[in-house]
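# Can you look at this prediction? I've put the sequence above it.
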Amino acid sequence: MKSHQKINYVFILFMALASLIGCKKDSDVTPSDENSIVGKWRLKSAKLNAKVKVNGTIQSASNNRAGTPAEVIDIKDDGTIDDPGDIFGTDTYWWDYKVKGTELALGDPDDIGYFTLSSDSQTMKWQMNLEQAQRSLKETDGFSSVFNVDATAMQDALVECDLVLDFVKN
């Protein structure tokens, strides 16, 4: 596989981690004890800065983009997030979530992505660092088949990660 294709797969993988492919509703999901994030939020920006090792060479994979007025998610108190605008372009229109302390886990039991969550009444930030990205890849079953990549190999190839999603109250 050509190195630029691997970088494209890494970017796709991280955008998938951000939106997480949720396919079925899981009744075991418990919502956050804090209702501070419940409500509608507009994506302000998405920033990815990562480095991957491809054929022994470290390469950068980065993308920064501004959100649009149509990119709104609805975080519900039942442990689900609706994404009618398909913010991340993955045909994922909702997923499960759980908050424990400052950790946000998105997805269903097979595809989990871990973020550090910070919020106030008007802004919210989801941030994924290298450790969280590797943990997400380690605990993910679905990404290998969806993107035709080996999640374990991607976990080993990833050497730096900073994914930040900024939202504002809608």
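Arrived safely. Residues are numbered from 1 along each chain as shown.

# next structured bit after the lengthiest strand in the chain?
Determined from DSSP state E, the single longest strand within the chain is strand 39-54. Once the chain leaves strand 39-54, the next helix or strand it forms, by DSSP states H and E, is strand 57-66.

# now that next one and strand 39-54, what's the angle there?
160 degrees (axes from the mean of the first three to the mean of the last three CA atoms, to 10 degrees).

# could you give the mean pLDDT of stretch 79-97?
Per-residue pLDDT over stretch 79-97 has a mean of 81.

# where does this protein dip in pLDDT?
1-35, 88-90, 108-111, 140-152 (pLDDT under 70).

# doesn't Val164 make contact with Ala50?
No. Using CB atoms under 8 Å, Ala50 makes no contact with Val164, being 11.6 Å away. All C-beta atoms are positioned from the backbone trio N, CA, C, and that covers glycine.

# quick one: which of these two has more around it?
The neighbour count for Ala50 versus Val164, taken as other CB atoms under 10 Å, is higher for Ala50 (23 against 18).

# what's the distance between the more buried one and Tyr114?
Distance, Ala50 to Tyr114, by CB to CB, to the nearest Å: 15 Å.

# just Lys98 next, same as before
10 Å.

# burial of Val99, as a residue count?
20.

# if I've got this straight, it is in a strand?
Yes. Judged by DSSP: H, G, I helix; E, B strand; the rest coil, Val99 forms part of a strand.

# so it bridges to which residues?
Per DSSP bridges, the residues bridged to Val99 are Leu104.

# Enumerate every residue touching the closest residue to Pro69 other than its chain neighbours.
Spatial nearest neighbour of Pro69, chain neighbours left out: Arg42 (6.8 Å); criterion: CB to CB, 6 or more residues apart in numbering. Shown in contact with Arg42 (CB atoms under 8 Å, 6 or more residues apart in numbering): 67, 69, 71-72, 167-170.

# can you rerun that using 10 Å?
Contact analysis of Arg42 by CB atoms under 10 Å, 6 or more residues apart in numbering lists 67-73, 85, 87, 166-170.

# of the residues you listed, closest to Gln122?
For these, the closest approach to Gln122 (CB to CB) belongs to Lys169, at 4.8 Å.

# Excluding chain neighbours, what is closest to the closest one?
Gln122 (4.8 Å).

# The one you found contacts Ile37, doesn't it?
No. Under the criterion of CB atoms under 10 Å, Gln122 makes no contact with Ile37, lying 11.7 Å away.
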